[in-house]
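> Structure of the sequence below:
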Amino acid sequence: MTLHVEHELHKRRKGRNYGLGLILAGFIAVIFGLTVVKVLELGNANQFERFDHVARPQLIPEEGAGE
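Numbering: from 1, shown residues only. Modelled structure (predicted):
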């Protein structure tokens, strides 16, 4: 059984990795928050589907369907 002593360089790298992990987690949280706000702002899921700027016939209301 050997003893493994961690070098000082590894300790510094570990600290940097934790910092980078926190920055990455914060970035993911910001992107997720913006997505949630965007979806909640639209309110209706059909409006969200229409937001892709592509004409899709199944989303266009038919004439006389509302009568």
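
> just for this protein, where's the confidence low?
Low-confidence segments of the chain, defined by pLDDT under 70: 1-2, 42-56, 59, 64-67.

> and the longest helix along the chain, what other elements does it pack with?
Longest among the helix segments of the chain by residue count, using DSSP state H, is helix 8-42. Contacts defined by 3 or more Cβ pairs under 8 Å, 6 or more residues apart in numbering; DSSP states H and E place helix 8-42 against no helix or strand at all. Every residue, glycine included, has its C-beta placed from N, CA and C.

> Please report the distance of L40 from I31.
For L40, the distance to I31 equals 15 Å [Cβ to Cβ, to the nearest Å].

> Could you do P61 as well?
Distance of P61 to I31, computed by Cβ to Cβ: 33 Å.

> of those two, who's got more company?
A direct count of neighbours by other Cβ atoms under 10 Å for P61 and I31 places I31 higher, at 10 against 7.

> Might you report the residue contacts of the more buried one?
Listed by Cβ atoms under 8 Å, 6 or more residues apart in numbering, I31 has no contact partners.

> State the distance from it to A25.
Counting by Cβ to Cβ - I31 and A25 are separated by 11 Å.

> again with Y18
Relative to A25, Y18 is positioned 11 Å away (Cβ to Cβ).

> Only the C-alpha atoms, please, for stretch 16-26, written as PDB.
The C-alpha coordinates for stretch 16-26 follow below in PDB (Å, rounded to 0.1, in the frame of the first residue of the first chain):
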ATOM      1  CA  ARG A  16      -9.600  26.300 -11.000                       C
ATOM      2  CA  ASN A  17     -11.800  23.400 -12.100                       C
ATOM      3  CA  TYR A  18     -14.300  24.200  -9.300                       C
ATOM      4  CA  GLY A  19     -14.400  27.800 -10.400                       C
ATOM      5  CA  LEU A  20     -14.900  26.900 -14.000                       C
ATOM      6  CA  GLY A  21     -17.600  24.500 -13.000                       C
ATOM      7  CA  LEU A  22     -19.400  27.300 -11.100                       C
ATOM      8  CA  ILE A  23     -19.200  29.600 -14.100                       C
ATOM      9  CA  LEU A  24     -20.500  26.900 -16.400                       C
ATOM     10  CA  ALA A  25     -23.400  26.100 -14.100                       C
ATOM     11  CA  GLY A  26     -24.200  29.800 -13.900                       C
END
